[in-house]
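structure for the following, please:
(3 chains)
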Amino acid sequence: MLNTMKRFIALVDCNNFYVSCERLFSPSYIDKPVVVLSNNDGCVISRSNEAKLLGIPMGAPYFKFQALCKRHKIIAHSSNFELYGDISRRVMATLEAFVPSIEIYSIDEAFIDLTGIADPLAFCVMLRGKVMLWTGIPVSIGLSYTKTLAKAAGEVAKKSENGVFGLLHEEDINLTLQALNINKVWGIGNQWGMKLELKFGIRTAYDLKLASATFIRKHFSVVIERIIYELKGLSCLELEEIETKKSISSTRTFGRSVSELSELREAIASYTANAARKLRRQNSKAYGIYIYIRTDRFRDTTQHNKGKLIELTYPTSDTGALISAAIKGLEAIYKRGFQYKKAGVVLLDIVRENYLQRDITEEYNVERGLRSAALMEAVDELNKKFGKRLVQHAAEGVKKEWKVKADLLSPRYTTRWDELINVY
DNA sequence: GTGTCTAAG
DNA sequence: TATTCTTAGACAC
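All right, here's what the predicted structure looks like:
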């Protein structure tokens, strides 16, 4: 059955991506244990192989491992997403130069369609070399017939000598799936993994492949049913090449707790501006904006978690319009006397920019829409040229004392003139 | 329709 | 003192 399948899918995965980015500009980090931390330097989100060997788990709360880090001289960095985003663009551009059909799955991963290529495995080896040469980022590539199998191949590739692994023959596939724990299968996490194992004795990817799809469908969902077919080599998940997000959110945990409405207003305005920028980047407008505030979920006994959805009468991507809606929502749910620790906004009901609804074709709104579009374009352009925060709405505030902490930040080498690397 | 659960990276 | 952030889909109600 497998030999009749002509469709090849590969997964390209950057190795320890954030750490690899830091190493690009600090060659002394090579062969040393390095970790990169999340916002507020809260937990570990990327580890070099050396750091993994020293026993730092993924997602580890930094404060629990600080002593270990000190003892072993582990280098720790705050996350520098501006740098990582730029390096990511370069890696993806390299892939796009060689492959016509690509789905950028995350900041450090892409699926590519290699159907029609005579020797796809050799192609992957070549591609890996090009990415290394052009960007300096090491990648692993897993090759097979479906996304789920390519993911499984990628797991093996990560640990292999040359960083490329093909899952192309039935026997290889079965052996690999037998060695893959059920909760390591793409799309199956700890909850479902536990249920599958404890209730049905399904311990490995191979066990799942052999399970009855209809039975699993009954006890779980279509999601896992699809995974079964994918493990059998029947592709159910297509490459999604065009990116138009259905919701866009911007949320943050504060550097300290915040109880003043005025400070929350600034934070909400900033997050809204951030989300609106992403919205415009994909040429879309939003019909709704959801905002929420919450107290510290780890400490409080009297918690206050509240959110509010504001529906807009017409879709917009105008920062000012979105901010005033968001502030209105905030004022409706704010209660004084609470120590807020986190706030966020989510843009919803997103439509493409050229989508016009009947009632906004009135002259007034069209003219207004055009003016706002021109203004937003100018703002985005200026900020792109001179730094993110040159032009911003007054509501966003200037001091931003609530801002996240990032004490161990590396320079944004590739996107800021004043933070270029110095060579003496 | 909305909220909750689950997952991924 | 310190426990991320963003997106998506399914399902129960």
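
rest of the way, CA atoms for contacts and neighbours
Fine.

who's in contact with A:T176?
A:152-153 (C-alpha atoms under 8 Å, 6 or more residues apart in numbering).

tell me which residues in the helix or strand hosting it are buried?
Assigned by DSSP states H and E, A:T176 belongs to helix A:170-178. Of the residues in helix A:170-178, A:173-174, A:176-178 count as buried by neighbour count, 16 or more other C-alpha atoms under 10 Å.

how far out from the middle of the chain is it?
Centroid separation for helix A:170-178 versus its chain: 30 Å, with C-alpha atoms, centre = their mean, to the nearest Å.

one step back: redo the buried residues of helix A:170-178 as JSON lines? Include pLDDT.
Formatted as JSON lines, those follow (pLDDT from 0 to 100):
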{"residue": "A:I173", "pLDDT": "96"}
{"residue": "A:N174", "pLDDT": "96"}
{"residue": "A:T176", "pLDDT": "95"}
{"residue": "A:L177", "pLDDT": "95"}
{"residue": "A:Q178", "pLDDT": "95"}
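
if I look at the residue nearest the centre of chain A, how far off is A:V12?
In chain A, the C-alpha nearest the mean C-alpha coordinate belongs to A:S106, at 5.1 Å (C-alpha atoms, centre = their mean). Distance, A:S106 to A:V12, using C-alpha to C-alpha, to the nearest Å: 11 Å.

and if you look at A:R71?
Distance from A:R71 to A:V12, by C-alpha to C-alpha: 35 Å.

more neighbours, those two?
Higher neighbour count among A:R71 and A:V12: A:V12, with 28 against 9, using other C-alpha atoms under 10 Å.

apart from its neighbours in sequence, what residue is nearest the more buried one?
A:I141 (4.6 Å; C-alpha to C-alpha, 6 or more residues apart in numbering).

mind listing what that neighbour touches?
For A:I141, the contacting residues are A:10-13, A:124, A:128, A:153-154, A:157-158, A:163-165, by C-alpha under 8 Å, 6+ apart.

bridge partners for it, pull those for me.
A:V12, A:V164 (DSSP bridges).

equivalent analysis for A:R47, please.
Beta-bridge partners for A:R47, by DSSP bridges, are A:V35.

just to revisit the earlier point, out of the contacts of A:I141, which one sits closest to A:L330?
Using C-alpha to C-alpha, A:D13 comes nearest to A:L330 of these, at 39.7 Å.

state the pLDDT value of the residue nearest to the centre of chain A.
A:S106 carries a pLDDT value of 87.

again with A:P57
Per-residue confidence for A:P57 comes out at a pLDDT of 87.

assumed it was part of a strand.
No. Under DSSP: H, G, I helix; E, B strand; the rest coil, A:P57 sits outside any strand and is assigned coil.

tell me which other helices or strands the one helix or strand A:A153 maps to touches.
A:A153 is located in helix A:147-159, with elements delineated by DSSP H and E. Counting contacts by 3 or more C-alpha pairs under 8 Å, 6 or more residues apart in numbering; DSSP states H and E, helix A:147-159 is packed against strand A:9-14, strand A:139-144, strand A:164-166, helix A:170-178, helix A:222-231.

is DNA strand B within reach of the last one?
Read that as helix A:222-231. No. On the criterion C-alpha under 7 Å from any atom of the strand, helix A:222-231 is out of touch with DNA strand B, staying 9.3 Å away.

quick one: the strands in chain A?
Here chain A has its strands, by DSSP state E, at A:9-14, A:34-37, A:44-47, A:75-78, A:102-106, A:109-113, A:139-144, A:164-166, A:248-258, A:284-295, A:305-316, A:340-352.

for the shortest one, the distance to its chain's centre please.
Going by C-alpha atoms, centre = their mean, the spacing between the C-alpha centre of strand A:164-166 and its chain's C-alpha centre is 24 Å.

list the contacts of the helix holding A:A153.
For helix A:147-159, using C-alpha under 8 Å, 6+ apart, the contacting residues are A:9-13, A:15, A:111, A:140-144, A:163-167, A:176-177, A:180, A:185-186, A:227, A:230-231, A:233, A:235, A:237.

show me what from chain A comes close to DNA strand C.
Going by C-alpha under 7 Å from any atom of the strand, the residues of chain A near DNA strand C are A:38-40, A:42-43, A:45, A:59, A:61, A:63, A:220-223, A:244-254, A:298-299, A:342, A:344, A:346, A:404.

now stretch A:143-161: buried residues?
Per 16+ other C-alpha under 10 Å, stretch A:143-161 contains these buried residues: A:143-158.

ok, so of those, who is nearest DNA strand B?
A:K151 (7.0 Å; C-alpha to the nearest atom of the strand).

per-residue confidence for the closest one?
pLDDT, A:K151: 94.

how much space separates it from A:S88?
Distance from A:K151 to A:S88, by C-alpha to C-alpha: 19 Å.

please apply the same query to A:N16.
For A:N16 relative to A:S88 (C-alpha to C-alpha), the value is 13 Å.

between the two, who's got more neighbours?
Taking other C-alpha under 10 Å, A:N16 and A:S88 do not tie; A:S88 has more neighbours (24 against 20).

surely the more buried one and A:I107 touch.
Yes. Taking C-alpha atoms under 8 Å as the definition, A:S88 is a contact partner of A:I107 at 6.0 Å.

which non-adjacent residue is nearest A:S46?
Per C-alpha to C-alpha, 6+ apart, closest to A:S46 is A:V36, 5.1 Å.

who's in contact with the one you found?
A:18-19, A:44-47, A:76-79.

turn those residues into TSV, columns for distance to A:T316 and pLDDT.
Shown next, in TSV, are the contacts of A:V36 (distance: C-alpha to C-alpha, whole Å; pLDDT from 0 to 100):
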residue	distance to A:T316	pLDDT
A:Y18	34	94
A:V19	38	95
A:V44	37	91
A:I45	34	91
A:S46	37	93
A:R47	40	93
A:A76	41	92
A:H77	38	90
A:S78	34	89
A:S79	31	87
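
just the buried members of the residues you listed?
Here, 16+ other C-alpha under 10 Å leaves A:18-19, A:44-47, A:76-79 buried among these.

turn the residues you listed into a markdown table, columns for distance to DNA strand B.
Shown next, in a markdown table, are those (distance: C-alpha to the nearest atom of the strand, whole Å):
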| residue | distance to DNA strand B |
| --- | --- |
| A:Y18 | 10 |
| A:V19 | 13 |
| A:V44 | 12 |
| A:I45 | 9 |
| A:S46 | 10 |
| A:R47 | 12 |
| A:A76 | 19 |
| A:H77 | 18 |
| A:S78 | 16 |
| A:S79 | 13 |
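
from the residues you listed, pick the one nearest A:Q303.
A:V44 (26.7 Å).
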